[in-house]
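Student: Need a 3D model of the following:
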Amino acid sequence: MNIEAKTVDESRVETVHIVRPNHLNGANRLFGGILMQWIDEVAGIVAKRHSMSNVTTASVDNLTFLHGAYQNEMVVIQGKMTWVGTSSMEVCVDTYVENHLGERRRINNAHFMMVALDENDNPVRVPRLTLQTEDEHLAWAHGEERRRIRNQRKKDKLDGI
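Tutor: Numbering: from 1, shown residues only. Alright, predicted model coming up:
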């Protein structure tokens with residue numbers, strides 16, 4: 001199946017987890033590694049939906065822990081496509097704690113670079129991203145800037161800086 005372009009909404013994902021005792025660290029908060037696993041899974045599902053192929057996580061930018069989550073709280077994780085290249089895709093993942101009234105407080109934000117792969121783990125072309133809102137255009141522009149910074153960091157590492 002070869003689709004030329006997809007919208008942000010076509011690959012958007014939301015998951016909900018309850019923080020259980022086995023998810024807690026020594027300070028009785030959600031262990032950061034558990035949250036990282038959950039958000040990586042969301043980023044992977046968004047990228048799979050967009051690319052219609054296997055994907056791998058290439059890098060994670062701006063993984064920012066804003067607040068903790070505690071036992072029995074609901075953790076809501078939302079992922080959406082923000083930028084695409086030839087085979088790479090940027091996925092923004094926001095994490096919230098939701099109370100019993102449905103009110104959400106953001107506790108984490110991250111940007112993942114995902115790469116679409118064929119059955120031999122070679123990069124494959126992904127559909128373009130059709131931007132429909134001003135927010136989506138802004139997210140694309142920010143994604144372009146993060147891509148520029150990532151490429152500069154990569155160049156600096158190769159140059160031994």
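Student: just the helices in the chain please.
Tutor: 32-51, 134-158 (DSSP state H).
Student: Mean neighbour count, those: which tops it?
Tutor: Per residue and on average, the most neighbours among the helices of the chain fall to helix 32-51, with a mean of 20 (mean count of other Cβ atoms under 10 Å). (Each C-beta comes from the backbone N, C-alpha and C, glycine too.)
Student: What average pLDDT does it get?
Tutor: The predicted model gives helix 32-51 an average pLDDT of 97.
Student: cool, stretch 71-90 as well?
Tutor: Stretch 71-90 carries an average pLDDT of 97.
Student: which residues does residue 108 form a beta bridge with?
Tutor: On the basis of DSSP bridges, residue 108 is bridged to residue 65, residue 95.
Student: For residue 58, give its distance to residue 21.
Tutor: 34 Å (Cβ to Cβ, to the nearest Å).
Student: So between those two, which is more surrounded?
Tutor: Using other Cβ atoms under 10 Å as the criterion, residue 58 and residue 21 rank with residue 58 on top: 15 against 8.
Student: which ones are touching the more buried one?
Tutor: Residue 58 makes contact with 88, 113, 114, 115 under the criterion Cβ atoms under 8 Å, 6 or more residues apart in numbering.
Student: how about the helices of the chain, which one is nearest residue 109?
Tutor: Closest approach to residue 109 among these (Cβ to Cβ): helix 32-51, 9.4 Å.
Student: Quick one: low-confidence residue ranges for this structure.
Tutor: Confidence mapping of the chain against pLDDT under 70 gives the ranges 1-2, 161.
Student: Let me know how buried residue 117 is, in neighbour terms.
Tutor: If you count neighbours by other Cβ under 10 Å, residue 117 ends up with 16.
Student: from memory it sits against residue 54, does it?
Tutor: Yes - with contact defined as Cβ atoms under 8 Å, residue 117 counts as touching residue 54 (4.7 Å).
Student: and the closest residue in space to residue 110 that isn't next to it in sequence, how many neighbours?
Tutor: Leaving aside its sequence neighbours, residue 110 sits nearest to residue 63 (Cβ to Cβ, 6 or more residues apart in numbering; 4.4 Å). The number of residues packed near residue 63 is 16, by other Cβ under 10 Å.
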